[in-house]
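A.B. asks: Sequence plus the predicted model coming up.
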Amino acid sequence: MKRFGAQALHNTENIIPLDKGIHTRLSSLYSSIQRDITGSATLTVRKWLSTQSYEAQREFGLIAIDKVTKGFW
């Protein structure tokens, strides 16, 4: 949270209600190593995302929600 500040993270533009099952699947994705997403055989998606800008992280999150909801990831 220090990197972007609480206001950037905790606002209505950055909060998306999710079904518990979708949330669980997203958490699992973020905790896994996905070479096709990150280009790394050692970094989890979450660790890789931590190196990205706020905008890139938000965009990835929206894409991840869409793909997980549709069963692509």
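C.D. replies: All right, it came through fine.
A.B. asks: Point me to the helix or strand that includes the residue nearest to the spatial centre of the chain.
C.D. replies: The residue lying closest to the centre of the chain (Cα atoms, centre = their mean) is Gly61, at 4.0 Å. According to DSSP states H and E, Gly61 maps onto helix 54-69.
A.B. asks: Which positions in that helix come out as buried?
C.D. replies: 57-58, 60, 64-65, 68 (16 or more other Cβ atoms under 10 Å). The way it works is simple: take the backbone N, C-alpha and C, and place the C-beta from them, glycine included.
A.B. asks: I'd like the C-alpha coordinates of that helix written as CSV, please.
C.D. replies: Only the C-alpha atoms of helix 54-69 are listed here, as CSV (Å, rounded to 0.1, in the frame of the first residue of the first chain):
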residue,chain,number,x,y,z
TYR,A,54,-0.7,1.0,-10.5
GLU,A,55,-2.3,1.4,-13.9
ALA,A,56,-0.8,-1.8,-15.3
GLN,A,57,-1.8,-3.7,-12.1
ARG,A,58,-5.4,-2.4,-12.3
GLU,A,59,-5.7,-3.3,-16.0
PHE,A,60,-4.3,-6.8,-15.4
GLY,A,61,-6.8,-7.2,-12.5
LEU,A,62,-9.7,-6.3,-14.8
ILE,A,63,-8.5,-8.7,-17.5
ALA,A,64,-7.9,-11.4,-14.8
ILE,A,65,-11.5,-11.0,-13.5
ASP,A,66,-12.9,-11.3,-17.0
LYS,A,67,-10.8,-14.4,-17.9
VAL,A,68,-11.4,-16.2,-14.6
THR,A,69,-15.1,-15.5,-14.8
